[in-house]
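**Q** here's a sequence, model it:
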Amino acid sequence: MAVELNHTIVAARDKKASADFLAAVLGLEVGPPYGPFLPVGTANGVTLDFMDAGDGPITSQHYAFLVSEEEFDEIFARIREAGIAYYADPGHRQPGRFNRHDGGRGLYFEDPDRHNLEIITRPYGSGG
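**A** I've put the predicted structure just below:
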């Protein structure tokens, strides 16, 4: 059997708000709750399972999403329409820009819990 990523848990202050945010920006749907989790599924079957973290600190994580050029345009339009700050780099030193790594396009933005989200149209190292 080939190894595949099935799901990952995303810590959130408010799992519904965070799941709704990600689904709205990426054009996905929030699935039905499963125990303490609220999943957002991607096209390749991986779910991001949002879970309330309680009062403790949330360590920022990085989640990258590979999208088509058309999807990038749609997501980018939703980001701009919502007034979400975006950056060309993971350190957020290049505001209001996107990158052209490997001949594609990519950008970074934060969710309500400051997780660093990224959309890319070409996998890193794919050339271009």
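
**Q** how about residue 64: which residues does it bridge to?
**A** residue 118 (DSSP bridges).

**Q** surely it meets residue 115?
**A** No: using Cβ atoms under 8 Å, residue 64 makes no contact with residue 115, being 11.2 Å away. C-betas here are computed from N, CA, C, even on glycine.

**Q** element containing the residue lying closest to residue 31 once chain neighbours are set aside?
**A** Distance criterion Cβ to Cβ, 6 or more residues apart in numbering; nearest residue to residue 31, sequence neighbours excluded, is residue 39 at 4.2 Å. Using DSSP states H and E, residue 39 falls within strand 38-41.

**Q** what's that strand packed up against?
**A** helix 15-26, strand 47-52 (3 or more Cβ pairs under 8 Å, 6 or more residues apart in numbering; DSSP states H and E).

**Q** and that strand, how far out from the chain middle?
**A** Distance of strand 38-41 from its chain centroid, counting by Cα atoms, centre = their mean, to the nearest Å, is 12 Å.

**Q** same question for that strand, mean pLDDT?
**A** Regarding strand 38-41, the rounded mean pLDDT is 98.

**Q** can you name the element that comes right after the helix or strand where residue 71 lies?
**A** Element membership of residue 71 [criterion: DSSP H and E] is helix 69-82. Toward the C-terminus, helix 69-82 is succeeded by strand 106-110 as the next helix or strand (DSSP H and E).

**Q** buried set for that following strand?
**A** Going by neighbour count (16 or more other Cβ atoms under 10 Å), the buried part of strand 106-110 is 106, 107, 108, 109, 110.

**Q** is it true that the last one touches residue 85?
**A** Yes: taking contacts as Cβ under 8 Å, residue 110 lies within contact range of residue 85: 7.4 Å.

**Q** which of residue 64 and residue 115 has more neighbours?
**A** residue 115 (21 against 15; other Cβ atoms under 10 Å).

**Q** ok, that one to residue 4 distance?
**A** Separation of residue 115 from residue 4 (Cβ to Cβ, to the nearest Å) stands at 22 Å.

**Q** tally of neighbours for the residue nearest to residue 32 when sequence neighbours are not counted?
**A** Spatial nearest neighbour of residue 32, excluding adjacent residues (Cβ to Cβ, 6+ apart): residue 39 at 8.0 Å. Number of residues near residue 39 (other Cβ under 10 Å) recorded here: 21.

**Q** brilliant, that's me finished.
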